[in-house]
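> Any chance you could fold what I've pasted below:
(4 chains)
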There are 2 protein chains.
Amino acid sequence: MAEGGPGPGGGESLLFLTDEQLRKGIEAMFFAYRGFTSDPDRILEGLDYGRAHHRALHFIQRSPGTTVNNLLSILGVTKQSLNRVLRTLIDDGLVESRVGRQDKRERHLYLTDRGAVLERELSDAQRARMRAAYRAAGPVAVQGFRTVLEAMMDPDLRRQFLREGGP
Amino acid sequence: MAEGGPGPGGGESLLFLTDEQLRKGIEAMFFAYRGFTSDPDRILEGLDYGRAHHRALHFIQRSPGTTVNNLLSILGVTKQSLNRVLRTLIDDGLVESRVGRQDKRERHLYLTDRGAVLERELSDAQRARMRAAYRAAGPVAVQGFRTVLEAMMDPDLRRQFLREGGP
DNA sequence: AATTTACGTCAGCCTTGTTGACTTTCCAAG
DNA sequence: CTTGGAAAGTCAACAAGGCTGACGTAAATT
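Model prediction:
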């Protein structure tokens, strides 16, 4: 199966699955994730915020007006955990929480101007690294990168991930 | 999108670098890392150990006899943080710490039989997901995956990563 | 002999995750 | 209209796993 299209001859393609190859993949994932988070972390370090705040800002920016419950399932944390982060962002005037118009139980979340500024700064740093890596690796590698990452997600998340921004 | 082909004409290859493409890559990284850690986390959850213990076991398994300082620089944490983890593993008889023969200040770390058993269980779970993703994506994608991950690491780590288990 | 290195440890702090319990608000079904 | 339950918020307590700072010891290096 998955006899990967342009792949090499025949059985050789299975050599990718030695424990040693897999171990290197695992370690690459570990080290790369560190690089991936390091730039935003450095920026946050001065302020009173952490990685959790960055994540909240990111996903509110991505879909303005999202509800708390939405955010909860995307981030995969408890509402108490998210709430603590969200409260500081709201108190500090980076996020605005509007009561729902149809369903007034819901709170819709938006970035304020100041929130958008911080989010930009953080994501600019993260994108810069991503862009450099993409450029260095080339389009074909990027396609493979995305394909493997998607195959590594939990199925429910993958479905959601592929649905939005789809074809 | 997904300009796919091995070598698209000229300027098209830059279309990969839109903010939207980069954002999707960033989110893919976030979601995939969650999947990547979820299986070992689930196993650890019952025991008294966490992700930090898994990391220590992994790197001791990878290079038996490694010193504490070595481990420190690979994991990128403080010695106090590592020590807390290492102490429990040693006390519980999963890791053995031997005084260095040449340099008696150093401690060389080894997995005990029991330690090796747990490490196996954890890495089997993680490898299983990795293997499934690799199989689903195919050899070409795997190559690209590795290339982009390596380009995303901090330069020092990348050098070290590429040196060992090299060509 | 003095200094540096490697390691261990105590103490205290922070972030970010967890459970559990309780309240308020509000929609919707009976 | 009443009530059941979902969505949200809040309080409290706790744990993992980071961090800094300070101190001690043994061994190697200068």
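
> From now on I want contacts and neighbour counts done on CA atoms only, so please keep to that.
Noted.

> Can you classify A:Arg105 by secondary structure?
coil (DSSP: H, G, I helix; E, B strand; the rest coil).

> which residue sits closest to it, ignoring its sequence neighbours?
Distances taken as Cα to Cα, 6 or more residues apart in numbering or on different chains put A:Val99 closest to A:Arg105, at 6.9 Å, once the chain neighbours are dropped.

> Could you pull up the residues touching the one you found?
Shown in contact with A:Val99 (Cα atoms under 8 Å, 6 or more residues apart in numbering or on different chains): A:105-108.

> Can I get the buried part of these as one ChimeraX selection?
To isolate the buried ones among the contacts of A:Val99 in ChimeraX, judged by 16 or more other Cα atoms under 10 Å in any protein chain shown, type:
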select /A:106,107,108
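
> What residue, apart from its backbone neighbours, is nearest the residue in chain A that DNA strand C sits nearest to spatially?
Of all residues in chain A, A:Gly50 sits closest to DNA strand C, at 2.8 Å by Cα to the nearest atom of the strand. Distance criterion Cα to Cα, 6+ apart; nearest residue to A:Gly50, sequence neighbours excluded, is A:Leu44 at 5.8 Å.

> how much space between that neighbour and A:Arg55?
According to Cα to Cα, to the nearest Å, A:Leu44 and A:Arg55 sit 12 Å apart.

> picking up where we left off before, and the residue nearest to A:Gly50, what's its pLDDT?
Here the pLDDT value assigned to A:Leu44 is 93.

> which non-adjacent residue is nearest A:Leu89?
In space, A:Leu89 is closest to A:Val95, 5.6 Å off (Cα to Cα, 6+ apart).

> Could you name the helices and strands sitting against the one helix or strand A:Ala56 maps to?
Secondary structure assignment for A:Ala56, by DSSP states H and E: helix A:51-62. Contacts defined by 3 or more Cα pairs under 8 Å, 6 or more residues apart in numbering or on different chains; DSSP states H and E place helix A:51-62 against helix A:19-46, helix A:68-75, helix A:79-91, strand A:107-111, helix A:113-137.

> and it with DNA strand D, contact?
No: remark: helix A:51-62 sits outside contact range of DNA strand D, by Cα under 7 Å from any atom of the strand, the gap being at least 12.2 Å.

> got the angle between that helix and helix A:68-75?
120 degrees (axes from the mean of the first three to the mean of the last three Cα atoms, to 10 degrees).

> The residue nearest to A:Arg105 bridge partners, please.
Per DSSP bridges, the residues bridged to A:Val99 are A:Arg107.

> Give me the distance between it and A:Ala56.
Using Cα to Cα, A:Val99 is found at 18 Å from A:Ala56.

> now chain A, which segments are flagged as low pLDDT?
A:1-16, A:165-167 (pLDDT under 70).

> For A:Arg120, grab the count of nearby residues.
Residues lying near A:Arg120 (other Cα atoms under 10 Å in any protein chain shown) number 16.

> May I ask you to confirm that A:Ala141 is in contact with B:Ala141?
Yes: if you go by Cα atoms under 8 Å, A:Ala141 and B:Ala141 touch, sitting 6.9 Å apart.

> Many thanks, have a good one.
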